[in-house]
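Enquirer: Requesting a structural model of the entry that follows:
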Amino acid sequence: MQIANIPLLGLLRERMSWLNARQDTLSQNVANADSPGYLARDLKPMNFEDMMKRVNGSDSAGLTTTNARHINIAPAQTDGFTGVDSPDTEASITGNTVSLEAEMIKVADTQAQFQAATNLYGKALSMMRTAIGNP
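Expert: Prediction:
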């Protein structure tokens, strides 16, 4: 069995890809904080069903599968996330909707979520190494 085919790790990779894309979007907002008419953007939040569809190609968790060859899991995608206008702030006189304070809070939150996902990924790999006898 390949590590890439483990659903939990696929979900964590998908979450980290989404967080990476969100960090890119937020950094663009910060970079354009002084650009007249720039509208702040964010990514559409991912829910569990969306993540399952992107990882498995369906919304089922695959728990009723009796044979590993019955599942065709595509590799996690790193792009294709939906961007939306960020409705958090009002436009300034120049028409810019970026609030540096709000963006910094989102950046810190995204970084904390990414760190949690990488910690979970590392723990899952550590448990697998322990299970196969390589501590």
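
Enquirer: Geometric centre of the protein: which residue is closest?
Expert: W18 (2.2 Å; C-alpha atoms, centre = their mean).

Enquirer: Quick check: which element contains that residue?
Expert: helix 7-31 (DSSP states H and E).

Enquirer: I'd like the mean pLDDT over stretch 35-45, please.
Expert: Stretch 35-45 shows a mean pLDDT of 89 in the predicted model.

Enquirer: Name the residues of that stretch that come out as buried.
Expert: Across stretch 35-45, burial judged by 16 or more other C-beta atoms under 10 Å covers 38, 40-43. For the C-beta atoms, the positions are set from N, CA and C on the backbone; glycine is no exception.

Enquirer: pLDDT weak spots in the protein?
Expert: 1, 51, 54-83, 86-88, 135 (pLDDT under 70).

Enquirer: ok, A31 - how many residues close by?
Expert: Other residues within reach of A31, judged by other C-beta atoms under 10 Å, total 11.

Enquirer: Report the contact partners of it.
Expert: By C-beta atoms under 8 Å, 6 or more residues apart in numbering, A31 lies in contact with nothing.
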